[in-house]
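> Sequence and predicted structure, then a few things I'm wondering about:
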Amino acid sequence: MNQVEAIVAEGVTKSFGEGEARMTAVDHATFVAHFGEMVFIVGPSGSGKTTFLSMISGILRPDSGSVKVKGVDIWTMTKDQLADFRLNTIGFVFQDYHLFPRLTTAENIAIPLILKQQNWNASITAAEQSLSVVGLKGRGGILPIKLSGGEQQRVAIARAIVGSPEILILDEPTASLDGDTGKMIIAFVKEKVLNPQRCILIVTHDNRINEYADRILHMEDGRITALEQRTQ
Ligand SMILES: Nc1ncnc2c1ncn2[C@@H]1O[C@H](COP(=O)(O)OP(=O)(O)OP(=O)(O)O)[C@@H](O)[C@H]1O
Ligand SMILES: [Mg+2]
């Protein structure tokens, strides 16, 4: 496996609430993710998976600890640098797709490029190419509602990868899909989206898809309790 470090999280900690209600959502989490690997993050509801991902992707500032992405400590960046970092380096896919219902699939996918102030027509062309990558060639002109759940999730993946982010984060991407469709999505991501220049982190509850993980990070009560190696 390629051992170039993509993300180095050290002692990352986050608490919420005040006084007696104060609780630690992520407690000194230390973890290194490499380019070329697909890591699953598993654990009970409330164990801190989303909070941890938010901190390593520049969305939520940790109370303490550090996060380096490609050697750069992201939490020392200015607000603008952090926004650029999220736009250029990170792609996100959410459980319920987060597609805009009144935009066509191609327009949905083009959004990150438009945000980068790229020309509209060029963005739509890039969106169409990204749609081909996810096996939906020629479907750019229709509204998301016309697509099945699995196809909508592939549109969300196309949007996440259109700007060629090096880090892709999927938070329960298969939770709204039936088991077989969910498995197909993960197999697809591993085959077509993972490459040696990319690192993919996936939160999942579905242990039937464990075969696709290179490593599995287990979380419990805000702590990383185990790191399971699946492939060499
Ligand atoms: N903004 C917030 N304010 C207060 N508490 C929060 C906030 N975000 C998360 N928490 C709490 O932190 C803990 C961890 O939440 P988190 O969403 O990271 O868990 P999770 O492992 O992603 O769970 P799930 O599998 O249900 O998505 C939970 O107890 C949650 O209630
Ligand atoms: Mg979560």
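Here it is on my side, so go on. Ligands and ions are numbered 1, 2, ... in the order given.
> all contacts plus neighbour counts: C-alpha atoms, from now on.
Noted.
> which bits of the chain sit near ligand 1?
Phe16, Ala25, Pro44, Ser45, Gly46, Ser47, Gly48, Lys49, Thr50, Thr51 (Cα under 6 Å from any ligand atom).
> Swap in 5 Å and give it another go.
Within the chain, the positions adjacent to ligand 1 are Phe16, Ala25, Ser45, Gly46, Ser47, Gly48, Lys49, Thr50, Thr51 by Cα under 5 Å from any ligand atom.
> Could you list the low-pLDDT ranges of the protein?
Flagging of the chain using pLDDT under 70 yields the residue ranges 1-2, 232.
> At which residues are the strands of this protein located?
5-16, 23-34, 38-42, 64-69, 72-73, 90-93, 167-171, 199-203, 215-220, 223-229 (DSSP state E).
> Find the residue at the geometric middle of the protein.
Geometric centre of the chain, nearest residue: Ile169, 1.0 Å, by Cα atoms, centre = their mean.
> for that one, what are its contacts?
Listed by Cα atoms under 8 Å, 6 or more residues apart in numbering, the contact set of Ile169 reads Leu53, Ile90, Gly91, Phe92, Val93, Ile200, Leu201, Ile202.
> and the two most separated of the residues you listed?
Greatest spacing in the contacts of Ile169, by Cα to Cα: Ile90 and Ile202 (13.1 Å).
> So the two - more neighbours on which side?
Between Ile90 and Ile202, counting by other Cα atoms under 10 Å, Ile202 is the more crowded of the two (24 against 21).
> Confirm for me that that one is in contact with Ile41.
Yes: the pair formed by Ile202 and Ile41 meets the contact definition of Cα atoms under 8 Å, at 6.0 Å.
> doesn't Gly36 make contact with Ser196?
For the record, residue 196 is Pro, not Ser. Yes: counting by Cα under 8 Å, Pro196 touches Gly36, with 3.9 Å between them.
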